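**Q** Need coordinates for the following:
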Amino acid sequence: MARHLRNNPTEAESLLWKHLRAKQVEGLKFRRQQPIDGYIVDFVCLKKRIIIEADGGQHSEINDLRKDRHLKGQGFRVLRFWNNEILTNIEGVIEEVREIANQATLPQPLPSREGI
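**A** Okay, here's the model as predicted:
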């Protein structure tokens, strides 16, 4: 399914990928149509735990809420943009992604168990 989605992107997904690929945003690697815990996310930066979803009219709000709740529970920050926003304001969308990437902190390692 993920391979099919990668090979058949929407116009908005293609435009967003053009700006995310090849580490163009803050040097971060994004993957597209990535399976995570039984869900397929449009774009993900695993290093910063950021997921970007491009939403069109086909999305179910209830399913999106369930998916977001699960992914947030796994430590991801989920950003959703309407396809129209991506197509008409790609600079603004990329700027918001850049701001979130700069705010995102890497998970802290657990304290050493030495001396316990």
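**Q** for residue 84, what are its contacts?
**A** residue 12 (C-beta atoms under 8 Å, 6 or more residues apart in numbering). Bear in mind the C-beta positions are built from the backbone N, C-alpha and C, glycine included.
**Q** Check it and give its pLDDT.
**A** For residue 84, the pLDDT comes out at 95.
**Q** Could you identify the helix or strand that succeeds the helix or strand harbouring it?
**A** Assigned by DSSP states H and E, residue 84 falls within helix 83-88. Sequence order places helix 90-103 as the next helix or strand after helix 83-88, per DSSP H and E.
**Q** tell me the mean pLDDT over that following helix?
**A** Mean pLDDT, helix 90-103: 95.
**Q** Wasn't residue 80 part of a strand?
**A** Yes: under DSSP: H, G, I helix; E, B strand; the rest coil, residue 80 falls within a strand.
**Q** Let me see the confidence value for residue 64.
**A** pLDDT, residue 64: 84.
**Q** Outside of the host helix or strand of it itself, which residues are in contact with it?
**A** For residue 64, the host element (DSSP H and E) is helix 61-73. With contact meaning C-beta under 8 Å, 6+ apart, helix 61-73 is reached by 36, 37, 39, 41, 51, 53, 55, 78, 80.
**Q** Which members of those residues are the farthest-apart pair?
**A** Across these, the longest distance by C-beta to C-beta is 19.4 Å; it joins 37 and 55.
**Q** what residue lies at the spatial centre of the protein?
**A** residue 51 (2.0 Å; C-alpha atoms, centre = their mean).
**Q** How much space separates that residue from residue 88?
**A** According to C-beta to C-beta, to the nearest Å, residue 51 stands 22 Å off from residue 88.
**Q** which SS state does the closest residue in space to residue 102 that isn't next to it in sequence fall under?
**A** The spatially closest residue to residue 102, leaving aside those adjacent along the chain, is residue 26, at 6.7 Å (C-beta to C-beta, 6 or more residues apart in numbering). When classified by three-state DSSP, residue 26 comes out as coil.
**Q** wouldn't residue 26 be in contact with residue 101 here?
**A** Yes: the pair residue 26 / residue 101 is scored as a contact, 4.8 Å apart, by C-beta atoms under 8 Å.
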